[in-house]
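> what would the 3D arrangement of this be:
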Amino acid sequence: MSSRPVVVLDLGMGNLRSVARALDRAGGRSQVSDDPDVIARAERLVMPGQGQFRDCALALAGARGDAVRAFLATGRPYLGICLGMQALFGSSEEAPGTVGLGVVPGEVRRFSRGLRDPATSARLKVPHMGWNQVQGRHPAWRGGGWFYFVHSFHCVPSEDGWSAGTSDHGGAFCAAVARDNVLACQFHPEKSGADGLALLSGFLEARWS
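Residues are numbered from 1 along each chain as shown. So this is what the prediction gives:
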């Protein structure tokens, strides 16, 4: 089976090489780039990211953001990871007044203070770090999977049909969104073992669309 070309968008945020290596293990042929022309022509596009919403939004201002929007409009497969999911929304409580891509209606909110485990009443930490089960309606989960999270903020879609996977941290939260050619997850598939590799493989083969 030939490898499938995929562009990993370089916003100068996060460990891009670990994402690229995971994609290559899943059957991809990755290219890390921040060039708007490369982004717009990509067969598949992955936007990873770790850091602050404001920095991500600034990195997507101008030609790079226009290239991402142009790519999304073509219907070719897009995968957002962590901040690459949050960037699809128009706003975030992390950076009031900063405008994201606005592809998914809704906002990004901080986990509430004082979260507790419903079963034990133990206080839960923010940021939320560790392994959680994801369940939902999307083929990428194959009925459920375990994935690795590192985040203090979570996405809240305002339009029915966008939420594709949920997880739990003191209550249910949206762990993934999807529609048409777009799939984005709050967790890190590149750090999530066999379930993460299966997700990346499905993305490369467009089995999830």
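
> for the most centrally placed residue in the chain, grab phi and psi.
In the chain, the centroid-proximal residue (Cα atoms, centre = their mean) is Ile81; its distance is 2.6 Å. According to degrees, to the nearest 10, the main-chain angles of Ile81 amount to phi -120, psi 120.

> do you know the pLDDT at it?
Ile81 carries a pLDDT value of 96.

> ok, now which ones touch the residue lying closest to it once chain neighbours are set aside?
For Ile81, ignoring the flanking residues on the chain, the nearest one in space by Cβ to Cβ, 6 or more residues apart in numbering is Pro48 at 4.3 Å. In short, each C-beta sits where N, CA and C put it, glycine included. For Pro48, the residues meeting the contact criterion (Cβ atoms under 8 Å, 6 or more residues apart in numbering) are Val8, Leu9, Met13, Gly14, Asn15, Leu16, Val19, Ile81, Cys82, Leu83, Gly84, Glu190.

> tell me which of those is nearest to His138?
Nearest to His138 among the contacts of Pro48 is Ile81, at 15.0 Å by Cβ to Cβ.

> the closest one touches Ser192, doesn't it?
No: the pair Ile81 and Ser192 fails to qualify as a contact (Cβ atoms under 8 Å) at a distance of 10.5 Å.

> circling back to that earlier point, buried subset of the contacts of Pro48?
Of all these considered here, the ones buried according to neighbour count by 16 or more other Cβ atoms under 10 Å are Val8, Leu9, Met13, Gly14, Leu16, Val19, Ile81, Cys82, Leu83, Gly84, Glu190.

> which ones among these map onto strands?
Of the positions in the buried ones among the contacts of Pro48, Val8, Leu9, Ile81 sit in strands, assigned by DSSP state E.

> need these in JSON lines (columns: distance to Leu88).
Formatted as JSON lines, the entries for these read as follows, by distance: Cβ to Cβ, whole Å:
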{"residue": "Val8", "distance to Leu88": "17"}
{"residue": "Leu9", "distance to Leu88": "13"}
{"residue": "Ile81", "distance to Leu88": "11"}
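
> closest to Ser121 among those?
Taking Cβ to Cβ as the measure, Ile81 is the one of these closest to Ser121, at 32.5 Å.

> where does pLDDT dip in the protein?
Counting by pLDDT under 70, the chain contains low-confidence residues at 1, 143, 208-209.

> quick check: Leu204 touching Val6?
Yes: using Cβ under 8 Å as the test, Leu204 is close enough to Val6 to be in contact (6.4 Å).

> overlap in contacts of these two?
Between them, Leu204 and Val6 share the neighbouring residues Leu23, Gly28, Arg44, with contact defined by Cβ under 8 Å, 6+ apart.
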